[in-house]
Each structure stands twice: as structure tokens, then as C-alpha cells.
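Q: Would you be able to build a 3D model of this:
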Amino acid sequence: MLQEKLPPTLSDTSPVLNGIALTRDPLGFFVRLLREAGNFACYSLNDRIVYFVNDPRLVREIIVTREDAFDKWAFNDSFNLIFGTGLIGSHGDLHRKMR
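A: Presented below is the predicted three-dimensional model:
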């Protein structure tokens, strides 16, 4: 079976610890992920792999050019509770209107 190559991640976390860290200090979690894994990384949350993108060119590709091709927030409800409903957490018509 062909195994998908994933981008870097944190070395010492589990899906449960990631969920706890995101709930307690979401900004701190993302800063740590950026420092330890870089501009394009991933982490596991529940039973999903979540991709972290912090490169301006890739963010534009995801948010503008190919917006419909990406499920940007698998945990959208949690994200919106923490950060509010905005450009990043929105989809479809709302996303295009805000953009």
C-alpha cells in the first residue's frame, strides 16, 4: 500500500494532548507548531490529520485560488468559538463575500 508522506509535526504530542493544548492556549499551540515544524506542518486531532499552513503563497492558493478544493476547517465549530467567524473559518458564499 502506498503511504502518504505527511509534513512535519510535533514530536511529543498525541491527538488528545493536541486537543487539550488547542483548548487551553490555541495561539501558543500554533506558535509552537510553527517553531518546531515549520510553515507547512500537520497535527492529529481526534481521528483526523489537520494541516497547518503559514506560507503566504500557499495560504493564497488555499483561501483564494482553490477555495472550493479544500476543507479548511474540519473542526470549524471549535475554531469559530475560539477565534470568531471570519475569513479563515468561513466557507462558500460567506467566505467569498468576506474575501
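
Q: which residue sits closest to Phe40 in space, ignoring its chain neighbours?
A: Pro7 (5.0 Å; CB to CB, 6 or more residues apart in numbering). All C-beta atoms are positioned from the backbone trio N, CA, C, and that covers glycine.

Q: quick one: which helix or strand includes the one you found?
A: When elements are assigned from DSSP states H and E, Pro7 belongs to no helix and no strand.

Q: got a list of what it touches?
A: Contact analysis of Pro7 by CB atoms under 8 Å, 6 or more residues apart in numbering lists 37-38, 40-42, 51.

Q: got a winner among those for most neighbours?
A: Neighbour counts for the contacts of Pro7 peak at Ala41, which has 20 neighbours (criterion: other CB atoms under 10 Å).

Q: In terms of secondary structure, what does the strand or helix carrying that residue contact?
A: Element membership for Ala41 (DSSP H and E) is strand 40-45. Strand 40-45 sits against helix 15-24, helix 26-37, strand 48-53, with contacts defined as 3 or more CB pairs under 8 Å, 6 or more residues apart in numbering; DSSP states H and E.

Q: Report the helix or strand with the lowest average pLDDT across the protein.
A: Within the chain, no helix or strand scores below helix 76-83, which has a mean of 62 by mean pLDDT, DSSP states H and E.

Q: distance of Ile62 from Asn39?
A: 13 Å (CB to CB, to the nearest Å).

Q: what touches both of those two?
A: Val53.

Q: Can you tell me the closest non-neighbouring residue to the spatially most central residue of the chain?
A: Closest residue to the average C-alpha location of the chain: Phe52 at 4.2 Å, with CA atoms, centre = their mean. Once flanking residues are discounted, Phe52 sits nearest to Ala41: 4.5 Å by CB to CB, 6+ apart.
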